[in-house]
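A.B. asks: coords please:
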Amino acid sequence: MTDNKLEETMYFKVSKEEELNPRDVLLTVYDALEEKGYNSLNQLVGYFISGDPAYITSHKQARSLIRRVERDDLIEELLVSYLKGRGNQ
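C.D. replies: Numbering: from 1, shown residues only. Now for the predicted structure:
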């Protein structure tokens, strides 16, 4: 007896990952680094320069979270936030 299911086309649906807000990611990662006692700014700069996720703690899944957003999107968020803040001084 042959199994006809082997000849049928199988369908599967991949759920699309939710779009992450770079600002929220940065704040979450910053908080996780602070909670673990790291110098958050130094760790983030190390990550931005090298691209090495080892600079980011895995606490609160911060490392996997930051890797889901392009580094240039994170840097753009920082620049936009900084430059907009200059007008308020």
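A.B. asks: Let me know the pLDDT of residue 52.
C.D. replies: pLDDT for residue 52: 97.
A.B. asks: With residue 60 instead?
C.D. replies: The per-residue pLDDT reported for residue 60 equals 96.
A.B. asks: Could you double-check that it sits in contact with residue 27?
C.D. replies: No. Contact criterion C-beta atoms under 8 Å: residue 60 and residue 27 do not qualify, at 11.6 Å. Every C-beta, even on glycine, is put in place using the N, C-alpha and C of the backbone.
A.B. asks: Let me see the ranges of the helices in the chain.
C.D. replies: Taking DSSP state H as the test, the helices found in the chain are 22-35, 40-50, 62-66, 71-86.
A.B. asks: Any idea which of these gets closest to residue 6?
C.D. replies: Of all the helices of the chain, it is helix 62-66 that lies closest to residue 6, at 36.4 Å by C-beta to C-beta.
A.B. asks: Show me what the closest one is packed up against.
C.D. replies: For helix 62-66, the packing partners by 3 or more C-beta pairs under 8 Å, 6 or more residues apart in numbering; DSSP states H and E come out as helix 22-35.
A.B. asks: Tell me what angle the helix it packs on forms with helix 71-86.
C.D. replies: Relative orientation of helix 22-35 and helix 71-86, computed by axes from the mean of the first three to the mean of the last three C-alpha atoms, to 10 degrees: 90 degrees.
A.B. asks: Adjust the sequence numbering to begin at 189 for everything that follows.
C.D. replies: In the new count, where the first residue is 189, that last one comes out as helix 210-223.
A.B. asks: and helix 210-223, which residues are buried?
C.D. replies: For helix 210-223, the buried set under the neighbour-count rule, 16 or more other C-beta atoms under 10 Å, comprises 210, 213-214, 216-218, 220-221.
A.B. asks: Using JSON lines, lay out those residues together with pLDDT.
C.D. replies: As requested, the buried residues of helix 210-223 are arranged in JSON lines below (pLDDT from 0 to 100):
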{"residue": "210", "pLDDT": "96"}
{"residue": "213", "pLDDT": "97"}
{"residue": "214", "pLDDT": "97"}
{"residue": "216", "pLDDT": "97"}
{"residue": "217", "pLDDT": "98"}
{"residue": "218", "pLDDT": "98"}
{"residue": "220", "pLDDT": "98"}
{"residue": "221", "pLDDT": "98"}
